[in-house]
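Trainee: Provided below are the primary sequence and the corresponding predicted coordinates.
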Amino acid sequence: MNDVPGSRLADRIYGQIIAMIIDQALVEGDKLPGEEALARRFGVSRPVVRESLSRLNSDGLIATRPGSGSYLRTRPAERLVQYLPGEALAPAIGIFEVRSVLEPAAAALAAQRRTPEQLAALDGHFEEIRIAALTKAPAHESDHAFHCVIMEATNNDFFPQTYAAIAEVIVQGMSAGLALSRSGEAPVTDVEEHAAILRAIRARDEKAAELAMRWHLWQSRQRLISRSGAASNRH
């Protein structure tokens, strides 16, 4: 058995199950192998497999039916494991639980408290994101900078400090999600999502900023976990 610490090992098996789903061309509704079969396949204990399956269920990728087994709910993007290999995948998806609490609140505060200088910085980073989408260039650095300015625009130091503590995982997920959307596996909706956030902050509309950020984060998560990418609905 692998001697990697438990949570990291569960992260690794999470990624390997995703890779298995893609490699075996499983589709929505297909049943996954049982815990014992997965434990043998990956050379780990059943509790590790159980933890990985529990996370996949929580993340909406599989549905676990007591007494029946686990079934594929959402087929991941084909190239997902290329961008987030091994144990990087589970944290990149799991971090959205934290972001969905932190960032909508930050966007609402930014709409209320932002300075002209911070608004100008958001304008600049948004323009970088827009141009990158047109040219299909990497945009994760500009995307990250946009979100960092929103944290700063709360004018509460605890927001940027908290965001900085999880930034490495966030940037990994951003890079993968944007790469998938630029590859044609998902519709490119992130520019309008950022535009909606920016419009609300410019207008000092706290509720609209919160909702626009919440929608953007949901769409960003979908770009990672769904073969068809985020929904085609746009603001």
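Mentor: Everything's here; your move. Numbering: from 1, shown residues only.
Trainee: ranges for the helices of the chain?
Mentor: In the chain, the segments counted as helices under DSSP state H are 6-23, 35-42, 46-58, 80-83, 89-113, 116-135, 140-153, 158-165, 167-182, 190-202, 206-225.
Trainee: Tell me which residues of the fifth one come out buried.
Mentor: Counting neighbours by 16 or more other Cβ atoms under 10 Å, one finds that the buried residues in helix 89-113 are 89-96, 99, 102-111. Any C-beta I mention is one placed from the backbone N, CA and C, and that applies to glycine too.
Trainee: what sits against the nearest residue to Asp143 once chain neighbours are set aside?
Mentor: Among residues not flanking Asp143 along the chain, Met174 sits closest, at 5.2 Å (Cβ to Cβ, 6 or more residues apart in numbering). Each residue near Met174 by Cβ atoms under 8 Å, 6 or more residues apart in numbering is listed here: His140, Asp143, His144, Ser220.
Trainee: Farthest-apart pair in these, please.
Mentor: His144 and Ser220 (12.0 Å; Cβ to Cβ).
Trainee: who's more crowded, those two?
Mentor: A direct count of neighbours by other Cβ atoms under 10 Å for His144 and Ser220 places Ser220 higher, at 22 against 17.
Trainee: hang on, the more buried one packs against Thr189?
Mentor: No. With contact defined as Cβ atoms under 8 Å, Ser220 and Thr189 do not form a contacting pair (9.6 Å).
Trainee: Phe42: neighbour count?
Mentor: That count, for Phe42 with other Cβ under 10 Å as the rule, works out to 19.
Trainee: With respect to Thr74, which of the helices of the chain lies nearest?
Mentor: Nearest to Thr74 among the helices of the chain is helix 206-225; the distance by Cβ to Cβ comes to 5.8 Å.
Trainee: in that closest one, what's buried?
Mentor: 206, 208-217, 219-225.
Trainee: Report the helix or strand with the lowest average pLDDT across the protein.
Mentor: Ranked by mean pLDDT, DSSP states H and E, the weakest helix or strand in the chain is helix 80-83, scoring a mean of 82.
Trainee: hmm, back to that, which of the helices of the chain comes out lowest on mean pLDDT?
Mentor: With a mean of 82, helix 80-83 has the lowest mean pLDDT of these.
Trainee: Check which helices and strands that helix is in contact with.
Mentor: Contact analysis of helix 80-83 by 3 or more Cβ pairs under 8 Å, 6 or more residues apart in numbering; DSSP states H and E lists helix 6-23, helix 167-182 as its packing neighbours.
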